[in-house]
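1. here is a sequence together with a model predicted from it:
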Amino acid sequence: MNKNSSNTMALAPNTSSKRETVCIFGTGDFGRALGHKMIQSGYPVVFGSRSTQTSSLIPKGAEVFSHAEAAQKAAIIIIAVQRQHYNFLIPLAEILRGKVLVDVSNNLKINQYPESNAEYLAQLVPGAKVVKAFNTVSAWALQSGTLDASRQVFVCGDDMEAKQMVMAIVRALGLTPVDQGSLLAAQEIENYPLQLFPMWKFPILLSLGLTAFFFFYCLARDVIYPYVYENKDFSFFIAISIPNRICPILALILLALVYLPGVLAAIIQLYRGTKYRRFPDWLDKWMLCRKQLGLVALAFASLHVLYTLIIPIRSFVRWRISSRIVSQVGFAPCSMSSFLLSLLQILPSTSSFRNVRGHSNVLYNRV
Ligand SMILES: NC(=O)C1=CN([C@@H]2O[C@H](COP(=O)(O)OP(=O)(O)OC[C@H]3O[C@@H](n4cnc5c(N)ncnc54)[C@H](OP(=O)(O)O)[C@@H]3O)[C@@H](O)[C@H]2O)C=CC1
Ligand SMILES: [Fe+3]
């Protein structure tokens, strides 16, 4: 492919009707899914495989050749083969000279190898231009078309033109390329799929820790202490009152933690007299998980709303009980003593309305 055509493709990928042939090494799940998507997007696709026999699984319109033959038909070769089999590329080094090799591989563990798979590929085939891409897109999502949640394709590579060519293909497939810089970024990109809920670990652990702390604090203060010293059983607080007290506290603490790093960063910048220096690592990580902290705060606030909605239902139950007693007394006016007895039962709970202790829910629960 000449320089001009690749540039045109990069600038206006959707307007070009004639697309360059793309070669895919490996007819496994990912190779086939990507090939299928590329054919749908108008790319002629050839597969390079150990077996040149075509099967019903191969996407319609694609041809299967030996690795060497297929490589000669395209400027871009997608290596849809696991890293441990990359040795088969060594004898092909001469044919692959000057070609764009796209590394799509993932590992089973974070930082499994000292160097990224893409860097390893670049070492094995030094004459080729290696680009890392597509590893965060799954074969299943490509085939089923459920790419909504994973439209971003992280791309990195040392050769700018090669990277542009791959990014043009990404766009043509209806995905969004995100340029991550040079091939040094490949290790990080390869770790992305292995990071379960990235940036959620700290907010979740922190909120679990705070929940446990405040729960046991309230339990000791409102349930254990009265039980031990006054022999009163307030264990029913555990279900609603204590959680409803903890939720707004946590929501506010987490919300404060969303805003605090911004303030600390501003103070650090003022102290240093420049904003062009890196923040300390701990502050960097804290800033990066602000969105997650905010979402956890929102979850606690919503829970508080839910509990607050439950409480009036409980006070309604109490109102129904007391009104039934009053009506019973009305039907039997002679039983004055029972009326007074019922009144005495109700009074302690109504008087507690005056006893404002932070959150009114504690008072409602004294049924
Ligand atoms: N599956 C997925 O959802 C995703 C996979 N990936 C990556 O794509 C790559 C392929 O994955 P996937 O398709 O699932 O794996 P598969 O096991 O389904 O396919 C791998 C293919 O590699 C080829 N192969 C196997 N052994 C050798 C060998 N010794 N020499 C040469 N070629 C060999 C075979 O193709 P043939 O028989 O045609 O030679 C085989 O079909 C992996 O690196 C994976 O990390 C990345 C993102 C998502
Ligand atoms: Fe409240």
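-> Noted; the coordinates are in hand. Ligands and ions are numbered 1, 2, ... in the order given.
2. which residues of the chain lie near ligand 1?
-> Contacts of the chain with ligand 1, taken as C-beta under 6 Å from any ligand atom, map to 26-31, 49-51, 80-82, 85, 88, 104-106, 135, 138-139. C-beta here means a position set from N, CA and C on the backbone, and glycine is covered the same way.
3. helices - which of those residues land there?
-> Among the residues of the chain next to ligand 1, DSSP state H puts Asp29, Phe30, Gly31, Ala139 in helices.
4. mind listing what the third one touches?
-> This points to Gly31. Ile24, Phe25, Phe47, Ile78, Ala80, Val81 (C-beta atoms under 8 Å, 6 or more residues apart in numbering).
5. let's go with 6 Å and repeat that
-> The contact partners of Gly31, by C-beta atoms under 6 Å, 6 or more residues apart in numbering, come to Ile24, Ala80.
6. residue ranges for the helices of the protein, please.
-> 3-11, 29-40, 67-72, 117-124, 139-144, 160-172, 186-191, 201-218, 225-230, 241-272, 281-288, 290-331, 336-351, 361-364.
7. right, and the ones you listed - which one's nearest Gln152?
-> With C-beta to C-beta, the closest approach to Gln152 among the helices of the chain belongs to helix 160-172: 9.4 Å.
8. distance of Ile240 from Val263?
-> Distance, Ile240 to Val263, by C-beta to C-beta, to the nearest Å: 35 Å.
9. comparing those two, which shows the higher neighbour count?
-> Ile240 (18 against 10; other C-beta atoms under 10 Å).
10. need the pLDDT of that one.
-> Listed pLDDT for Ile240 reads 83.
11. now do Thr52
-> On the pLDDT scale, Thr52 gets 87.
12. mind listing what the residue of the stretch 151-300 of the chain found nearest ligand 1 touches?
-> Per C-beta to the nearest ligand atom, Pro193 is where the stretch 151-300 of the chain lies closest to ligand 1, at 7.1 Å. Going by C-beta under 6 Å, 6+ apart, Pro193 touches Asn106, Thr136.
13. any weak-confidence spans in the stretch 101-250 of the chain?
-> Scanning the stretch 101-250 of the chain for pLDDT under 70 picks out 146-150, 196.
14. could I get the helices of the chain as a markdown table with distance to Asn111?
-> Formatted as a markdown table, the helices of the chain follow (distance: least, C-beta to C-beta, whole Å):
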| stretch | distance to Asn111 |
| --- | --- |
| helix 3-11 | 32 |
| helix 29-40 | 22 |
| helix 67-72 | 29 |
| helix 117-124 | 12 |
| helix 139-144 | 24 |
| helix 160-172 | 24 |
| helix 186-191 | 7 |
| helix 201-218 | 17 |
| helix 225-230 | 50 |
| helix 241-272 | 27 |
| helix 281-288 | 17 |
| helix 290-331 | 23 |
| helix 336-351 | 61 |
| helix 361-364 | 48 |
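15. tally of neighbours for Val166?
-> Counted with other C-beta under 10 Å, residues neighbouring Val166 total 26.
16. relative to Met160, how far out is it?
-> Remark: distance between Val166 and Met160 (C-beta to C-beta) = 11 Å.
17. count of neighbours near Ser105?
-> Using other C-beta under 10 Å, Ser105 has 23 other residues around it.
18. I figured it hits Ser116, correct?
-> No: the criterion here is C-beta atoms under 6 Å, and Ser105 misses it with Ser116 at 9.3 Å.
19. residue in the stretch 1-150 of the chain nearest to ligand 1?
-> Going by C-beta to the nearest ligand atom, ligand 1 is nearest to Gly28 of the stretch 1-150 of the chain, at 1.7 Å.
20. residues touching the closest residue to that residue other than its chain neighbours, list them.
-> Nearest residue to Gly28, sequence neighbours excluded (C-beta to C-beta, 6 or more residues apart in numbering): Ala80, at 6.1 Å. Ala80 makes contacts with Ile24, Gly26, Phe30, Gly31, Val104, as judged by C-beta under 6 Å, 6+ apart.
21. try it again at 8 Å.
-> Ile24, Phe25, Gly26, Gly28, Phe30, Gly31, Leu34, Val104.
22. tell me how far the most centrally placed residue in the chain lies from Pro203.
-> Of all residues in the chain, the one closest to the mean position by C-alpha atoms, centre = their mean is Phe197, 4.3 Å from it. From Phe197 across to Pro203, the span is 10 Å (C-beta to C-beta).
23. do the same with Lys291
-> Applying C-beta to C-beta, the value for Lys291 to Pro203 is 9 Å.
24. which of the two has more neighbours?
-> Using other C-beta under 10 Å, the more surrounded residue of Lys291 and Pro203 is Pro203, with 22 against 11.
25. surely the more buried one is in contact with Leu298?
-> No: between Pro203 and Leu298 there is no contact under C-beta atoms under 8 Å: 11.5 Å.
26. sorry, back to before: looking at the contacts of Ala80, spot the one nearest Gly42.
-> Once C-beta to C-beta is applied, the member of these that ends up nearest Gly42 is Leu34, at 14.2 Å.
27. doesn't Ile24 make contact with the closest one?
-> Yes: counting by C-beta under 8 Å, Leu34 touches Ile24, with 6.3 Å between them.
28. pull up the overlap in contacts between these two.
-> Here Leu34 and Ile24 have Ile78, Ala80 as joint contacts, going by C-beta under 8 Å, 6+ apart.
29. pop the domain breakdown of the protein in here.
-> Domains of the chain are assigned by automatic domain parsing as 3-194, 201-364.
30. what about the last one, distance to the chain center?
-> Average the C-alpha atoms of domain 201-364, do the same for its chain, and the two points are 28 Å apart (C-alpha atoms, centre = their mean, to the nearest Å).
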